[in-house]
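>>> With the input below, show me the fold.
(one chain, ligands or ions: 1)
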Amino acid sequence: MGEPPVYRRVVVKLSGEYLAGSQSFGIDQPTIDRIAGDLIAASELGVEIAVVVGGGNIFRGVEVSSRGVSRPTGDTMGMLATVMNCLALESALSRKGKSSRTLSAFVMPQVCELFTRGAAHRYLAEGKIILLGGGTGNPFFTTDTTAVLRAAEIGAQAVLKATNVDGVYSADPKTDKTAKRFERLSHSQALAGGYKVMDATAFALARETSLPIIVFSIAEPGSIGAILSGNGTGTIVAG
Ligand code: UDP
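A predicted model of the protein is given here:
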């Protein structure tokens, strides 16, 4: 992408779905170990890393509610699932010798600390990776929106949205051979295009808070560090 490594602090959005590896549910240990290694390598570049972790590998509110549970309850289950993923990632990081802290949108003192800006700033300044669980703490939102919200709250310079594809495409590159990858899009273009890579609330909040979002593929080992060093492939949604 040719962008210089200008970021001091970023939020990496990691989908829960990716943590399941080739399975459809749960956590694939080699996958989470590899991602932990990539996060450590990225933080060794001197960039402060906050990670917003999704929960789609365990529960998604919409799916749970289609089976008869109320949507807010299903969403609460989804948000709790994100905390489980944070705990798994915290242990994977710890096994590799990296200190991290899970901060949750919910009060759960026996499990982890509550997210506050103060705690986030303190742990980042100590060189720890912070793992932000529990989504926004509200139903009807997503962890993509959470990533933008937390980035704005903690003064991050960008959201790194890790997905299965290396950017935003004009159509689904898996099914449409003519699909073209965008190098750069404005927030308004991303919203108008209705691209499925991120939900509209997330793009709208990023526009409101002037936060760049970089969409890139996590499937490529080392891709977080590559994006931060300006050598990665992705789409920048900004301006
Ligand atoms: N969720 C929510 N509010 C939030 C964030 C997440 O209700 O602020 C719920 C929602 O049910 C969602 C689930 O948590 O389906 C898991 O999050 P998400 O789908 O964003 O995870 P991902 O797709 O990244 O794995």
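>>> So which bits of stretch 125-139 are buried?
128-136, 139 (16 or more other C-beta atoms under 10 Å). Just so you know, the C-beta spots here come from the backbone N, C-alpha and C atoms, and that holds for glycine as well.
>>> Just the ones of those residues in strands?
Using DSSP state E to define strands, the subset of the buried residues of stretch 125-139 located there is 129-133.
>>> Distance to the ligand added to those residues, as a markdown table?
Conversion of these to a markdown table gives the following (distance: C-beta to the nearest ligand atom, whole Å):
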| residue | distance to the ligand |
| --- | --- |
| 129 | 18 |
| 130 | 17 |
| 131 | 13 |
| 132 | 10 |
| 133 | 10 |
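>>> For the residues you listed, give me JSON lines that also has pLDDT and distance to residue 80.
As requested, these are arranged in JSON lines below (pLDDT from 0 to 100; distance: C-beta to C-beta, whole Å):
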{"residue": "129", "pLDDT": "98", "distance to residue 80": "21"}
{"residue": "130", "pLDDT": "99", "distance to residue 80": "19"}
{"residue": "131", "pLDDT": "99", "distance to residue 80": "14"}
{"residue": "132", "pLDDT": "98", "distance to residue 80": "14"}
{"residue": "133", "pLDDT": "98", "distance to residue 80": "9"}
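>>> Check whether the strand or helix carrying residue 214 comes near the ligand.
Take DSSP states H and E as the rule and residue 214 turns out to sit in strand 213-217. No. Strand 213-217 lies apart from the ligand when judged by C-beta under 6 Å from any ligand atom; the minimum separation is 13.3 Å.
>>> interface residues of the chain facing the ligand?
Contacts of the chain with the ligand, taken as C-beta under 6 Å from any ligand atom, map to 15-17, 54-56, 60-61, 74-75, 78-79, 82, 135-136, 138-139, 141-144, 146.
>>> how does it look with 5 Å?
15-17, 54-56, 60-61, 75, 78-79, 135-136, 139, 141-143, 146 (C-beta under 5 Å from any ligand atom).
>>> Contact partners for residue 47?
With C-beta atoms under 8 Å, 6 or more residues apart in numbering as the criterion, the residues that contact residue 47 are 5, 7-10, 228.
>>> and the angle for the longest helix seen in the chain with strand 129-133?
Longest helix in the chain by number of residues (criterion: DSSP state H): helix 71-95. Going by axes from the mean of the first three to the mean of the last three C-alpha atoms, to 10 degrees, helix 71-95 is angled at 160 degrees with respect to strand 129-133.
>>> All good on my end, thank you.
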